[in-house]
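Asks: Mind folding the following:
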Amino acid sequence: MNKRSLDLFKELNPEALQKKFLNSLLNIQNVQRGSIWIKKRDTYECIEAAGAEAATIKGVTLDADQPSIVGWVIENREMAVAEGQSDKRHYKEVEDKFAVKSSLILCFPLFFRDKKVYGAVQIIDTSEEKTRLNLEKGYLDNIQSLVDICSIALSNAILYHTEKQKALSLKNALNDIKSQPTIVGQSASFQKSLNLLKSYANTDFHVLITGESGTGKELIARQLHQTGPRKDTPFLVQNCSAIPETLLESELFGYKKGAFTGATKDKIGLFEAANFGTVFLDEIGDMPMNIQAGILRVLQQNEIKPLGETQVRHVDVRIISATNRDIKQMIAENTFRQDLFYRLSVLPIHLPPLRERQEDIPLLIKHFMEKESLKIGAVEKQISFDAMQCLTGYSWRGNIRELENLIRYLLVTTQEEYIELENLPPHVRQDNIMADTFGMSESGSGNEGFSMGMNFRDLSWPELEKAYVLYLLKKTNWNITRAAEQSGINRSTFASRMRKLDIRRNSNDG
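Replies: Next up, the predicted model:
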């Protein structure tokens, strides 16, 4: 192997290598025209060309059913020598507008290391005498060796470039995932919350988000800010249960130098730092009563008074607050100000717990599987039917946050491609609320195919859905409106599912 061959083999830039490869063959055979073609599904594409008509040839695509020398060589996996004007395999239409036509064509197949053909290279004699190409067997054998070496080098460069592009795409996708919050869910109860979010976004009124811990309250708050009129202003967050009462007051309102021991310089509070923007107060139900009065002043008069300050300062902020507590019960117990509650909850949003959004669980699992596998550079795993059924029936007391953490755990601890039932933690396998969710009774009376002892392993999802729809229809005496209400979806969607599942009263209710 000479130095030229070694240099070609080391080149990893496909475009540079293509040019070097083709020009080397043209110099060896003392001709000026040539091209390299790659097979792409049912076509052959010219990715490199040399000679007077190179710009016209490069980028040309031939259908596999069209006659062509490169097509014949690729499909037959062997070298070919062809007369340019008389060989029926030559696609002459490509040269219709060329001033100089091909007189003699020498074409070699290009192989991967596993001997699969991925393309062809052809060098062309355009002289009338057809004498420039050296077709002696020994000479062709030497050229064949060079083609074999360059063929592997070119395939390596193409594969390297492809993988590099994939890596770049994955990196960009990961950056998008990291920078943009994603809200996933199509259940009726969750869509109701999203519809409220969309209608609230363009207003400037204060919003109170309620829901259990882990339901995504901060994600909704960020979405409200990013789709609203203050999207280009600060969005600052304070968890009201995360720090002691004395520190919380100074964090929110700031203080003057000398206001207390340790206050060696002025501190700007959260409300002032977020001026013209949005403040998200998480766990507002844990806010002490004396600080609630300061929040009420912000809401009523748009003003704050830092600790140690004698003058008030005016601020313009939108407050989005969130809690997992029953604020109305706290008002009754005199632990939360009623006037503050009404000021905070001008626009309320309630986020349903995950156990009430079972149809969203597979979507969320898919979302987190993609997101977390990208983060750690792992292959995305699949969920078996039994495991998915168990996860769908689990109670999810920690809601979406618990689901996200479980997916991280499964990605690390499961070695196989598929996550099976036995890969799930014991507490998940033992806690299944599927029966309760579908309203099954032990006796099964009035039930169309449902019972506590039902073996879900033997049912597909459409079969399970059909049994559930029939159960609701039987229970409501085939009142579609009432059955849709009990299922938690609107009537048109329920009726659409009936048609898709081929459910009709005459055929199913004897």
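Asks: Could you use CA atoms for every contact and neighbour count after this?
Replies: OK.
Asks: and for stretch 256-272, what are the contacting residues?
Replies: Contacting residues not belonging to stretch 256-272 are listed as 236, 250-255, 279, 304, 306-309, 315, 317 [C-alpha atoms under 8 Å, 6 or more residues apart in numbering].
Asks: no, scratch that, I was asking about stretch 352-372
Replies: Applying C-alpha under 8 Å, 6+ apart, the external contacts of stretch 352-372 come out as 174, 177, 184-187, 189-190, 211-212, 215, 380-381, 388, 391-396, 399-400, 403-404, 407-408, 411.
Asks: just the buried members of the residues you listed?
Replies: Among the contacts of stretch 352-372, those buried by neighbour count (16 or more other C-alpha atoms under 10 Å) are 174, 177, 184-185, 187, 189-190, 211-212, 215, 380-381, 388, 391-396, 399-400, 403-404, 407-408, 411.
Asks: Which of the contacts of stretch 352-372 fall within helices?
Replies: Among the contacts of stretch 352-372, the subset assigned to helices under DSSP state H consists of 174, 177, 189-190, 388, 391-393, 399-400, 403-404, 407-408, 411.
Asks: so who does residue 331 touch?
Replies: For residue 331, the set of contacting residues under the criterion of C-alpha under 8 Å, 6+ apart consists of 337, 338.
Asks: Let's see that with 10 Å instead.
Replies: Contacts here follow C-alpha atoms under 10 Å, 6 or more residues apart in numbering; on that basis residue 331 touches 337, 338, 339, 341.
Asks: So what's the residue count around the second one?
Replies: This means residue 338. 15 (other C-alpha atoms under 10 Å).
Asks: what's it in contact with, if anything?
Replies: When contacts are counted by C-alpha under 10 Å, 6+ apart, residue 338 touches 327, 328, 330, 331, 332, 344.
Asks: Give the buried subset of those residues as a PyMOL selection command.
Replies: Per 16+ other C-alpha under 10 Å, the buried members of the contacts of residue 338 correspond to this PyMOL selection:
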select buried, resi 327+344
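Asks: which one of the contacts of residue 338 is nearest residue 27?
Replies: Nearest to residue 27 out of these is residue 344 (C-alpha to C-alpha; 80.3 Å).
Asks: Do I have it right that the closest one meets residue 205?
Replies: Yes - under the criterion of C-alpha atoms under 10 Å, residue 344 makes contact with residue 205 at 8.9 Å.
Asks: Pull up the overlap in contacts between the two.
Replies: When contacts are counted by C-alpha under 10 Å, 6+ apart, the set common to residue 344 and residue 205 consists of 319, 320.
Asks: Setting aside sequence neighbours, what's the nearest residue to residue 305?
Replies: What sits nearest to residue 305 in space, not counting adjacent residues and going by C-alpha to C-alpha, 6 or more residues apart in numbering, is residue 312, at 4.7 Å.
Asks: Could you report the distance from that neighbour to residue 147?
Replies: Distance, residue 312 to residue 147, using C-alpha to C-alpha, to the nearest Å: 82 Å.
Asks: repeat for residue 315
Replies: Computed as C-alpha to C-alpha, the residue 315 to residue 147 distance reads 74 Å.
Asks: quick one, which of those two is more surrounded?
Replies: Each of residue 315 and residue 147 had its neighbours counted (other C-alpha under 10 Å), and the higher figure belongs to residue 147 (24 against 18).
Asks: May I ask which helix or strand encompasses that one?
Replies: For residue 147, the element it lies in under DSSP states H and E is helix 137-179.
Asks: How far away from the center of its chain is that helix?
Replies: In this view, helix 137-179 has its centroid 27 Å away from the chain centroid, taken as C-alpha atoms, centre = their mean, to the nearest Å.
Asks: just checking, what packs against it?
Replies: When contacts are defined as 3 or more C-alpha pairs under 10 Å, 6 or more residues apart in numbering; DSSP states H and E, helix 137-179 packs onto helix 3-10, helix 14-29, strand 104-111, strand 117-125, helix 361-376.
Asks: mind redoing it with 6 Å?
Replies: Helices and strands touching helix 137-179, as assessed by 3 or more C-alpha pairs under 6 Å, 6 or more residues apart in numbering; DSSP states H and E, are absent.
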